[in-house]
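> whatever this is, show me its structure:
(2 chains)
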Amino acid sequence: DTTVKQNPRYKLARVGKPVNLICSQTMNHDTMYWYQKKPNQAPKLLLFYYDKILNREADTFEKFQSSRPNNSFCSLYIGSAGLEYSAMYLCASSRDRTIANTEVFFGKGTRLTVV
Amino acid sequence: GDSVTQTEGLVTLTEGLPVMLNCTYQSTYSPFLFWYVQHLNEAPKLLLKSFTDNKRPEHQGFHATLHKSSSSFHLQKSSAQLSDSALYYCALSFNSNNRIFFGDGTQLVVKP
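Residues are numbered from 1 along each chain as shown, chains lettered A, B, ... in the order given. Below you'll find the model as predicted:
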């Protein structure tokens, strides 16, 4: 099974409330990623885990948290949602840390709407 | 900084005609280039990627050639099919890096 599963597919959140998105894969991949995708924009890397080590991008460092309790699961947490968080969130995974040598598998995404 | 540019947001063409989707990049180092394809309500999937030995990658009738002189990795297919209608992302990465930089994507619409 080469699928990356994301739950839920659609999520509605209120401004100021927390949001938790879930991702799982059963490929025993070392690396898991979270991307944010807004209409007509490129997917933007938010953070990734290599094994248990979390790497957050500098420009989104304070806006997103994540946890990876085991190899298969990874969550994306927003402590207080704002309207600007409305987007598609894509989870992905890869076998190792070097993109050039491996394929990255994406989930179908969770569409978050903040109202 | 490192970036990928896809100049066409939307490409519409008739079935059977050739496809060419543009991709250029800016990079400090020699990157690896990729094309990802996303069909409606599906996950993005890797279509093809550049090789270190300058071989031309091909998959499902699509091919792309990395031209370092012009910093380009255009996607081509000789004859478009209806099923090729999808969103196509050009992306780059580096040998020692987890990060992939994506372009904004090109929506390809193939009409009968």
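> show me where chain B has strands.
In chain B, the segments counted as strands under DSSP state E are B:3-5, B:10-14, B:19-21, B:24-26, B:32-38, B:45-49, B:58-59, B:62-64, B:75-77, B:86-93, B:101-102, B:106-111.
> which one of the ones you listed lies nearest to A:Trp34?
strand B:101-102 (13.7 Å; CB to CB). Yep, even glycine has a C-beta here, placed from its N, CA and C like the rest.
> please see if that closest one touches chain A.
Yes: applying CB under 8 Å from any CB of the partner chain, one finds strand B:101-102 touching chain A at B:Phe101, B:Phe102.
> that strand packs against which elements?
strand B:3-5, strand B:86-93 (3 or more CB pairs under 8 Å, 6 or more residues apart in numbering or on different chains; DSSP states H and E).
> which of the strands of chain B has the lowest mean pLDDT?
Mean pLDDT is lowest for strand B:58-59 among these, at a mean of 78.
> name the residues that touch it?
Identification of contacts with strand B:58-59 by CB atoms under 8 Å, 6 or more residues apart in numbering or on different chains yields B:Leu47, B:Leu48.
> just stretch A:46-56 next, same as before
Residues contacting stretch A:46-56 (CB under 8 Å, 6+ apart): A:30-36, A:57, A:60, A:64, A:66, A:68, A:74, A:76, A:97, B:98-99.
> using CSV, write down the CA coordinates of stretch B:10-23.
What follows is stretch B:10-23, C-alpha atoms only, in CSV (Å, rounded to 0.1, in the frame of the first residue of the first chain):
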residue,chain,number,x,y,z
LEU,B,10,-3.7,27.2,-17.9
VAL,B,11,-3.0,25.4,-21.1
THR,B,12,-5.9,24.2,-23.3
LEU,B,13,-5.5,22.1,-26.3
THR,B,14,-7.2,19.6,-28.5
GLU,B,15,-6.7,15.9,-28.2
GLY,B,16,-3.9,14.6,-30.5
LEU,B,17,-1.9,17.8,-30.5
PRO,B,18,1.5,18.0,-28.9
VAL,B,19,2.0,19.1,-25.3
MET,B,20,4.7,21.4,-23.9
LEU,B,21,4.6,22.8,-20.4
ASN,B,22,7.3,25.2,-19.6
CYS,B,23,9.5,25.1,-16.5
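> next, format the strands of chain B as TSV and append mean neighbour count.
Converted to TSV, the strands of chain B look like this (neighbours: other CB atoms under 10 Å in any protein chain shown):
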stretch	mean neighbour count
strand B:3-5	17
strand B:10-14	12
strand B:19-21	19
strand B:24-26	17
strand B:32-38	23
strand B:45-49	18
strand B:58-59	12
strand B:62-64	20
strand B:75-77	19
strand B:86-93	24
strand B:101-102	22
strand B:106-111	17
